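Chemist: Just a sequence and a predicted model for now, questions to come.
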Amino acid sequence: MKPFTQAADVLDKELAVKIDGIISAHNGDATQLVGILLDVEAAVERHYIPESAAYYVAQKLGVKPTQVYDVISFYTALHDKPRAKFTLEVCNSAPCRVKDSDKLVETLKRLLNLEVGEVTYDGRFSIEKVPCFGACDVSPAVRVNGVVYGHLDSEERILDMLQQLN
Amino acid sequence: MSNTVHLTINHLPLEVPAGTRIIEAAKMLNIDIPHLCYHPDQTIKAHCRMCMVEVTGQRKLLAACSTVVWEGMEVFTDTKKVYDAQVGVLDLILADHKQNCLSCARNGNCELQKLCRRFNRLLPELPDISSNEPLRIDNPSIVRDPSKCVKCGRCVKVCAEVQGCAALTASNRSGDFKITTAFDLPMDQTDCVLCGQCSLVCPVGAIVEVDNTNDVVRAIQDPRKHVVVQVAPSVRVGLGDEFGMEAGAIVTGKMVTALKMLGFDKVFDTNFSADLTIMEEGSELLDRIKNGGKLPMITSCSPGWVTYMEKQHPELCDNLSTAKSPQGMFGAVVKTYYAQKMGWDPHDIVSVSVMPCTAKKYEASRPELGRDGYRDVDYVLTTRELAKLIRYEGLDLSVLPESEFDSPLGIGSGAGAIFGATGGVMEAALRTAYEVYTGQTLPRLEFEAVRNDVNAIKEATIDLNGTPLKVAIANGLKNAEEIIRRVESGEADYIFIEIMACPGGCIGGGGQPIGTNNAVRDARIKALYELDKSLPLRKSHDNPEIKTIYEEFFGAPLSHRSHELLHTHYHARPKKHDFSHLK
Amino acid sequence: MSKKVCFITRNFGKYDPDSLKSYESIGGFTALRKALKMDGNEIADVLAANGVQGRGGAAYDMGKKWRQAREVKGEHKCVVCNADEGEPGTFKDRELLTNDPFQLLEGMIIAGWSVGADNGYIYMREEYSHLRPRLLSAIAQCEEAGYLGDNILNSGLNYRIHLYSGAGAYVCGEGSALSESIEGKAGRPRMKPPFIKQCGVFHLPTCVNNVESLSLVPPLLLDDEGYYKSQGTEDCPGTKMISVSGNVKNPGVFEVPFGITIREIVYDLAGGMENPEYPLRLVQLGGASGRICAPSQLDTPYTYKGMRQADLTAIGSGAVLVVDERTSVIGFLRMTQEFFSHESCGQCTPCREGNRHIAMLLDKIAAGEHTQKDVDTLKKFADIMSCASLCGLGETAQSALLSAMKRFPEVFAVKEEVAVR
């Protein structure tokens, strides 16, 4: 059950320097742990927080590793396992569902030949179902690395969206 | 504002101090409101929602554990609404709890089982959705069974708030919510010190000790083996709880009878080696003072504390007394001195210890506690496991006759006995150190100034006939951390510090009977001091068997041989993630 | 009565939301200057006189809330702007944050003055992270101009605003969970009491207000002609931001006068059903935690009292989710249930375990394999969640289900072949 990166999970200097920068941008303030972890995740290409990075953050902020782990596991936007470069977050809440976001998911699965939760072999794409991100006026919608793509109610538009991801 | 509040519970009027919570007020009427997460020694969590009660004028039900009473409050604990909610919550918990009760370590003293009996849950309504997560057996001391966890959070609280370790945490959300370690790592890779306090507060069998009773039964059944057992000071004032005796009952003689009936070849007293520890540790202290050794010197008999130091404060390795713990010394003595005396091959001896402690299981597995391919202590049983063995033998401890420990290695002084209580090692050491240092007889044996409360810190300055000796005592690792802070900040200049990992000292250890709480701890501490008072022998250096063993075997404290057998060393534990390569 | 009004949204499109100068050029911070000449209680009185109820969902009397916050003793106090707009189908705060960030900041500074706080925290959901740069720059510009910092406009007020980010947790919209999150912890709600107003962020007295509530303050203080009060109905004056989504022609955010009917919202403002072949099945009001409105209830006036009398969620977050007949009632309930099964914080038993069992029972009902006992069990545990959960999330998670059981009893009816089994 251990993530495949575990064996090689030694914090590299480059990421450590980035984390140092993130922590000082947050004034070394342990209460800003959630924001710090969001920034760390954004700094990692595969959009996750390696265990070693979490321990490093804990040590730097003087908090227990358990607190960092609890926070990572609690919040949907934080992850402890590697994800795709582009995770297609499809809104799974009622406002998008009644606008047939199920069909959107099916189309994405077919186009990318991918199941929900899987990552493409090149690490570029994955599909996740997420709760409402407040784009109900343009539903059905997808959010990718913070950018919302709305009105994805035809294959044409979905392809168009995928082509924009680079 | 008035300091008392009037309320009714099920129409019965009562008056309670302001600030009382409903659950405590009900207790005054002998009503036990059902609960799982509530624990008298812990801060309120209000998570399990078993204790919901109806209060007139309130739309929702209120949690009795978290709601403070108010003037004129009308509480109902047994209406239909309350019953439905309590039974409903119980059913919800039950459906997510692996119900292999017959093979559970907590069969018979499980709080969930008790609630099911109380609410007569013959036909639970909900399907079993308990997890299939496997047992977590990753250390010599404690086993976690996530499939039984009811998520009450007591273990998380005790680990963080009493021990300051925070090795356990809640994680995830909703149906995935669980109690685990950081990144779900094995316990030994976390900040856990294996003290077992979590196993003591767990209402069910989700955290229990590693069970070694079968190993011991097999050893006893093996005719080629000499099976000897040592029993720690705290066991004799805890074991009775398992057999319905009142908290703090002193059951030394009955316990010895039970052990003999169980078939142990020799039944010895760890109080003896506690005296031996005092001889070595006391001499070490005087030696450090005299010869400019590392000070403050800190006691090393609590393996939870030793692990904590090695994991969190390796800079203190040289401050710890090199004297082994009484368990460690006993193990070494049995397989050397005693084996020689009896003409036994040490390999044929199975050395068992009964300890109030789960961390002692780990301590016995340390490579420093053994030689020539054998372990000084082969199996460590907790008080709870000893009770299991006694029940297996079909004995009722409470009615057994009394008998004496075997000799030699069976005489312990009152000083050895109080090792189990916070401040006891300090007092025992002072009794000996004073007389050795000053060459005079103590006018009064009791050092009340170093007797400590449960979950507390105590500081004192002892007058060694003109020489002041600053000492400190702490129990509970959060208090230990505070002592370390005072030392490392230069705020305090103690010479000698006693630290016990568990609240109250060993009498409150993680291997003691389920139900051990702070009130019970107080009773046990009292019992040990009574025991001390009742003994003819109250100073370690007066113990005739101690005198003999030095004459026959060790020569003198801190001799070459005692260094070889009775002393040890400590080392920094590797960190899960070490960032030294980044420097 | 006009169906679309412009009070809180009066600045939308009128200025450059990235520029303080631009905001000042349309009269920005006049309200703050006015407020700083008023006593904190007088400001609370203005809110009370206009009958303003909090826009977050709990609909607490805002004037009363500020008065209480003012009365709580404490050397340090906080104001929290709850921008964790997490109720599915709600996006009106997004519009306020996007189009008029300075009005929000102005409202927060006035709140700080009124209740006697020295720090303000904006807790914004991660899903709106694209708005962070705009808000951070707005805060920085205000600091530069002396609207934030020490001795603001020579009033003696020392006040700073900090922007904190959520990370994807609906429950953090609950005040105590939000406080935990701002403290750098998992956002699991605390038991109450102590209440947030006494012991919130960093265990300080904390006054939590929704984005819309705070944005409403500057225009209200300047509303000398009583425009706000002239809107709405007698017992529920004023205007409200609503988010309309689902199967309508024109989903979006609208500012409406209280008293408009749900029918007017759906058929006039939102242009009616998107596909005439599929008539309206139901409307969910207030987000996932809201009750379900049957077609027969469409003429209910959109006021706190009107909604309450119709046994509907009293306004809540202002979400109006319109669902047509392509989605079945049970299908819809399963969607809502999926949301709560994902969002429960998991610490209290009724919510953690109740959601799991209710989800399974709904699956069974959707498959038509349920017995009457299943329906009874469903109701029983939904009730237990409502009355025994630790926080508002568990308490309201089954609002949709319980209201659907009342309004659409036929969908829970046991199939004959199952009944005779």
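Modeler: It's in.
Chemist: Next, whichever residue of chain B sits closest to chain C: phi, psi?
Modeler: The minimum distance from chain B to chain C, using Cβ to the nearest Cβ, falls at residue B:177 (2.6 Å). Where you see a C-beta, it was placed from the backbone N, CA and C, and this is true even at glycine. Per-residue torsions, residue B:177: phi -50, psi 130 (degrees, to the nearest 10).
Chemist: again, but for the one 3 residues further on
Modeler: Comment: the main-chain dihedrals of residue B:180 come out as phi -160, psi -170, following degrees, to the nearest 10.
Chemist: Distance of the spatially closest residue to it that is not a sequence neighbour relative to residue B:146?
Modeler: Using Cβ to Cβ, 6 or more residues apart in numbering or on different chains and skipping the chain neighbours, the partner closest in space to residue B:180 is residue B:171 (5.4 Å). Computed as Cβ to Cβ, to the nearest Å, the residue B:171 to residue B:146 distance reads 11 Å.
Chemist: next one: residue C:6
Modeler: On the measure of Cβ to Cβ, residue C:6 and residue B:146 end up 56 Å apart.
Chemist: and the two? which has more neighbours close in?
Modeler: Between residue C:6 and residue B:146, residue B:146 has the larger neighbour count (other Cβ atoms under 10 Å in any protein chain shown), namely 20 against 13.
Chemist: Apart from its chain neighbours, what residue comes closest to that one?
Modeler: Per Cβ to Cβ, 6+ apart, closest to residue B:146 is residue B:133, 4.0 Å.
Chemist: residues near residue A:10, how many?
Modeler: Look at residue A:10: counted by other Cβ under 10 Å, it has 12 neighbours.
Chemist: what helix or strand is it on?
Modeler: Assigned by DSSP states H and E, residue A:10 belongs to no helix or strand.
Chemist: cool, residue B:545 as well?
Modeler: According to DSSP H and E, residue B:545 maps onto helix B:544-549.
Chemist: now do residue C:216
Modeler: Remark: residue C:216 resides in helix C:211-221, with elements defined by DSSP H and E.
Chemist: which helices and strands sit right next to that helix?
Modeler: helix C:30-36, helix C:40-49, strand C:78-83, helix C:92-99, helix C:101-115 (3 or more Cβ pairs under 8 Å, 6 or more residues apart in numbering or on different chains; DSSP states H and E).
Chemist: Would you tell me which of these gets closest to residue B:328?
Modeler: Nearest of these to residue B:328, taken as Cβ to Cβ: strand C:78-83 at 53.5 Å.
Chemist: Average pLDDT for that closest one, rounded please.
Modeler: Strand C:78-83 carries an average pLDDT of 98.
Chemist: related to what we said a few turns ago, what about the residue nearest to residue B:146, how many neighbours?
Modeler: Using other Cβ under 10 Å, residue B:133 has 17 other residues around it.
Chemist: Wait, it touches residue B:144, no?
Modeler: No - if you go by Cβ atoms under 8 Å, residue B:133 and residue B:144 don't touch, sitting 9.2 Å apart.
Chemist: Run through the helices of the stretch 301-450 of chain B in chain order.
Modeler: Assigned helices in the stretch 301-450 of chain B, in chain order: B:303-312, B:326-333, B:339-342, B:359-365, B:383-392, B:414-417, B:424-438 (criterion: DSSP state H, counting those that start in this stretch).
Chemist: Tell me the strands beside whatever helix or strand comes next after the last one, with direction?
Modeler: Pointing back at helix B:424-438 there. Downstream of helix B:424-438, the next assigned helix or strand under DSSP H and E is strand B:457-464. Strand pairing for strand B:457-464, determined by DSSP bridges: strand B:467-475 (antiparallel).
Chemist: and the strand it pairs with, how far from the chain's centre?
Modeler: In terms of Cα atoms, centre = their mean, to the nearest Å, the centre of strand B:467-475 is found 23 Å from the chain centre.
Chemist: Tell me the buried residues in that strand?
Modeler: By 16 or more other Cβ atoms under 10 Å in any protein chain shown, the buried positions in strand B:467-475 come out as B:469-475.
Chemist: Can you tell me, leaving aside adjacent residues, what's nearest to residue C:12?
Modeler: Closest residue to residue C:12 apart from its sequence neighbours, by Cβ to Cβ, 6+ apart: residue C:99 at 4.5 Å.
Chemist: What residues does chain C have near chain B?
Modeler: Selection of chain C residues close to chain B by Cβ under 8 Å from any Cβ of the partner chain yields C:169, C:186, C:188, C:191, C:193, C:340-350, C:352-357, C:360, C:377, C:380-381, C:383-384, C:386-390, C:395.
Chemist: In ChimeraX, how would I select the buried members of those residues?
Modeler: In ChimeraX syntax, the buried subset of the residues of chain C next to chain B is picked out as below (16+ other Cβ under 10 Å):
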select /C:169,186,188,191,340,341,342,343,344,345,346,347,348,349,350,352,353,354,355,356,357,360,377,380,381,383,384,386,387,388,389,390,395
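Chemist: Among the residues of chain C next to chain B, which are located in helices?
Modeler: C:340-343, C:349-350, C:352-357, C:360, C:377, C:380-381, C:383-384, C:386-388, C:395 (DSSP state H).
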